[in-house]
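The following comprises the amino acid sequence and a computationally predicted model.
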2 protein chains.
Amino acid sequence: MDNRKIGVFDSGLGGLTVVRAMEELLPAESIVYFGDIARLPYGSKSKETITEFSHQIMRFLLQHDVKAVIVACGTASSNALEELQSTYDLPIMGVVEPGARAAAKATHSGRVGVTGTEATIRSGAYERLLQLEDKQTEVYAKACPLFVPLVEEGWFDDSITAQVITRYLAEIKENQVDTLVLGCTHYPLLRTLIQKEMGENVTLINPSRAVVEELRAYLQENQMQSSTQQGQYEFYVSDSTDKFQAFGRKVLEIPSLTVQKVNIEKY
Amino acid sequence: MDNRKIGVFDSGLGGLTVVRAMEELLPAESIVYFGDIARLPYGSKSKETITEFSHQIMRFLLQHDVKAVIVACGTASSNALEELQSTYDLPIMGVVEPGARAAAKATHSGRVGVTGTEATIRSGAYERLLQLEDKQTEVYAKACPLFVPLVEEGWFDDSITAQVITRYLAEIKENQVDTLVLGCTHYPLLRTLIQKEMGENVTLINPSRAVVEELRAYLQENQMQSSTQQGQYEFYVSDSTDKFQAFGRKVLEIPSLTVQKVNIEKY
């Protein structure tokens, strides 16, 4: 038994999809969440900058007595995870490996599509991991830089969003994949339209859920579960808390969310 | 005569539209440019964070022997300019005042539309300044958060971009403005589609050009012009320089652009 918290971080709001999965799958675990909304999005930034920002956030989370950390950001997972794992002495899980494993398990045809930010796609992390699972896998990857701003604009069920999806996914669709990874934590919020575009026979992989399933298995194996009845959640962000609160209430479907601002550049 | 440089800063690439106007209107002036691409976009951030980032950039520019600074970013101009002007002892010009003055001069009907980022529109700076010029002016303002990512995606002459423009500008158009301010330095790159949507009789105001015209007048009045034949340009950014170089070559139509990376958080 281990009642310390789980650290979760993201470039902004998208990581709340991980928190939502934890509410459902690991309700006894407490969470300390950091959203780097002053410097988001990470998706267009370089590996070096993404890594530096991630180190600052790790140093912040380590002051909160965490037993494990989930890098909920697809971009940070694909660009900075190895460096973080080799620097800090606690389990750190990204969304990319669990997402790739879930996709490898789901595909029958061996044809998998991957969507993500520019930095995630540029890293080639999903291709590498999918081919590590099965070197026959054919991977069709596409950066979708407009998905995040469309989500943040709240245009979920929308004709313009549908056209952007059609354009970005055209090549993946032509290649007749049977599985599509939603490789950025914002993308599950476009799930309905993406499923419609791809057709009902294509399995959509939500790495936010996959990583929480792997964390649950890890905590069980290592007898590190929390013994509390109900986890406590703390939220920290690097900019004004209003937008985060509004979005958080919507994604997590909880009436109130206490959020504190942190000067992350000091860490 | 004063051969010191002009400092120009923006959250990223958009401020290059100011550099382009300087090439044309003030070719003898040298420029030191800073683009905060590691932390862009500013448009969704709070006034406090925008101000803090702007101070760091001012401290950086002041180490480069500048005689004046243009805040080329609409968001920083509308949120941080007064604070910067009261802190530093040199002329600092934003794009908002020149843009508002140019719009006030252009309008006949007294009905003016203003577009910009969330933070620019939230600041109310254009309304305030337009009504200071003429308190009868009716201002219709609209935040257009998808314009910047559409420009960065390079979708300039594009059916999806046209639909986004139609949606964002619907209310401004209904209100029959005769003048429309392009209140973010990225927006002039969508000028053709915006003009098409608004119709040929609506005057589009590009504050990037307006601020350079005011700077030219200021330098003349104060006899602070450069005596050199041809200005020298130095470019600095806070993240990887590749994207900036490619975009810069395109906007400025110059074959090569030397760009250096700076760790701006140290300033």
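Done, it's in.

Give me the number of neighbouring residues for residue A:89.
8 (other C-beta atoms under 10 Å in any protein chain shown). Where C-beta positions appear, they are placed from N, C-alpha and C, glycine not excepted.

Same check on residue A:234?
Other residues near residue A:234 number 14, with proximity taken as other C-beta under 10 Å.

quick one: it and residue A:33 touch, right?
Yes. In terms of C-beta atoms under 8 Å, residue A:234 counts as a neighbour of residue A:33; the distance is 6.9 Å.

now chain A, which segments are flagged as low pLDDT?
For chain A, the stretches flagged by pLDDT under 70 are A:255.

What ranges does chain A have for its helices?
Assigned by DSSP state H, chain A shows helices spanning A:16-25, A:47-62, A:74-87, A:96-106, A:118-123, A:125-133, A:147-152, A:159-174, A:191-198, A:207-221, A:242-252.

Could I get the ones you listed in a markdown table, plus columns for distance to chain B and mean neighbour count?
Below are the helices of chain A laid out as a markdown table (distance: least, C-beta to the nearest C-beta, whole Å; neighbours: other C-beta atoms under 10 Å in any protein chain shown):
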| stretch | distance to chain B | mean neighbour count |
| --- | --- | --- |
| helix A:16-25 | 16 | 21 |
| helix A:47-62 | 5 | 20 |
| helix A:74-87 | 12 | 23 |
| helix A:96-106 | 21 | 22 |
| helix A:118-123 | 9 | 23 |
| helix A:125-133 | 18 | 20 |
| helix A:147-152 | 5 | 24 |
| helix A:159-174 | 5 | 17 |
| helix A:191-198 | 14 | 17 |
| helix A:207-221 | 22 | 20 |
| helix A:242-252 | 8 | 17 |
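
Could you dump the ones you listed into JSON lines with distance to residue B:161 added?
Output for those, formatted as JSON lines (distance: least, C-beta to C-beta, whole Å):
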{"stretch": "helix A:16-25", "distance to residue B:161": "28"}
{"stretch": "helix A:47-62", "distance to residue B:161": "28"}
{"stretch": "helix A:74-87", "distance to residue B:161": "25"}
{"stretch": "helix A:96-106", "distance to residue B:161": "31"}
{"stretch": "helix A:118-123", "distance to residue B:161": "19"}
{"stretch": "helix A:125-133", "distance to residue B:161": "29"}
{"stretch": "helix A:147-152", "distance to residue B:161": "13"}
{"stretch": "helix A:159-174", "distance to residue B:161": "10"}
{"stretch": "helix A:191-198", "distance to residue B:161": "19"}
{"stretch": "helix A:207-221", "distance to residue B:161": "30"}
{"stretch": "helix A:242-252", "distance to residue B:161": "25"}
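
Among the ones you listed, which comes closest to residue B:196?
Evaluated over the helices of chain A, closeness to residue B:196 peaks at helix A:159-174, with 17.4 Å, by C-beta to C-beta.

quick one: that closest one to chain centroid distance?
21 Å (C-alpha atoms, centre = their mean, to the nearest Å).

And for that helix, what's in contact with it?
A:113, A:115, A:140, A:142, A:144, A:146-147, A:150, A:155, A:180, A:190, A:193-194, A:196-198, B:159-160, B:163-164, B:167 (C-beta atoms under 8 Å, 6 or more residues apart in numbering or on different chains).

in the stretch 151-267 of chain A, what residue is nearest chain B?
Closest to chain B within the stretch 151-267 of chain A is residue A:240: 3.5 Å, counting by C-beta to the nearest C-beta.
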